[in-house]
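In: What would the 3D arrangement of this be:
(one chain, ligands or ions: 2)
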Amino acid sequence: MITVKRPQLNFFERLYLGALFKGMFITLRHALANLFSQKHIITYEYPEIKKPIPEDYRAEHRLMQRPDGSPRCTACMLCATACPANCIEIVAAEHEDPRVEKYPAVYNINLLRCIYCSLCVEACPCDAIRMDTKKIEQAGYSREHFIVDKDYLLHNHPEDRSPYSIALY
Ligand code: SF4
Ligand code: SF4
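Out: Ligands and ions are numbered 1, 2, ... in the order given. Predicted coordinates for the structure are as follows:
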C-alpha cells in the first residue's frame, strides 16, 4: 500500500482563484476557437450529421443466406453456446435436403440482452452470422421489438441504413 501525502496548500492556493481562472481561460479559448473555426468542433449535430462508422464496427447482426435464399446456418448451436449474455434462441429442425443436416426453424436474438461482443460471430464455423450491418441506432415501442427473428436477421442487409428498422419491423 502506498501512502500519498496530502499536499500542503498555501493561502493563495486555498483561495482556488488560480485554478478558477485557468479553467475559465481554457473554456473561453475553446469557445472562441469554435466560434471562428468549425473544424475544431468534435461534436456532431446528430441525427442530421452522423459520425462515420468503422468497417469492423460490431453492429446489429445479420444471418447470411445461401444462393437459394435459405439461411446458411446449420443450427449447430455454437453461437448460442458461446454467447455470454444467453440472448440467442435457436430451435433446430431437420432439413428436407439430405445434404443439409439441420436448419434453424427459430433463430431469435434478444438485442436488449446482447452486449455486442461478437463471440457468436467468432464461434460460427459457417460464416453464417455477421455483425457488419453498421446499424447502431435502435428504437422500438416495446421490449418485443428488440427480439429480432430469423426473417429479420436474414434481410438485415448492410445497405439498409434505416435507423429505426426495429420499430418499423
Ligand atoms: S454479440 Fe455477444 S452477446 Fe450478442 S448475441 Fe453475439 S455472443 Fe451474444
Ligand atoms: S449461426 Fe453459425 S454457430 Fe450459430 S447455429 Fe448457425 S451455424 Fe451454428
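In: From ligand 1, how far out is the spatially most central residue of the chain?
Out: Taking Cα atoms, centre = their mean, the centroid of the chain lies closest to Ala59, which sits 4.1 Å from it. Look at Ala59 and ligand 1: by Cβ to the nearest ligand atom, to the nearest Å, they are 10 Å apart. (Each C-beta comes from the backbone N, C-alpha and C, glycine too.)
In: Which residues are in contact with that residue?
Out: Listed by Cβ atoms under 8 Å, 6 or more residues apart in numbering, the contact partners of Ala59 are Ile53, Tyr116, Met131, Asp132, Thr133, Lys134, Lys135, Ile136.
In: how about a cut-off of 6 Å?
Out: For Ala59, the contacting residues are Met131, Thr133, Lys134, Lys135, Ile136, by Cβ atoms under 6 Å, 6 or more residues apart in numbering.
In: What is the nearest of these to ligand 2?
Out: Nearest to ligand 2 among the contacts of Ala59 is Met131, at 11.6 Å by Cβ to the nearest ligand atom.
In: Make CSV out of the contacts of Ala59 and add distance to ligand 1 and neighbour count.
Out: What follows is the contacts of Ala59, written out as CSV (distance: Cβ to the nearest ligand atom, whole Å; neighbours: other Cβ atoms under 10 Å):
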residue, distance to ligand 1, neighbour count
Met131, 7, 19
Thr133, 12, 21
Lys134, 15, 18
Lys135, 13, 24
Ile136, 13, 14
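In: Adding secondary structure and pLDDT, write those residues out as TSV.
Out: Listed next are these as TSV, based on DSSP: H, G, I helix; E, B strand; the rest coil; pLDDT from 0 to 100:
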residue	secondary structure	pLDDT
Met131	coil	96
Thr133	coil	92
Lys134	coil	90
Lys135	coil	89
Ile136	coil	87
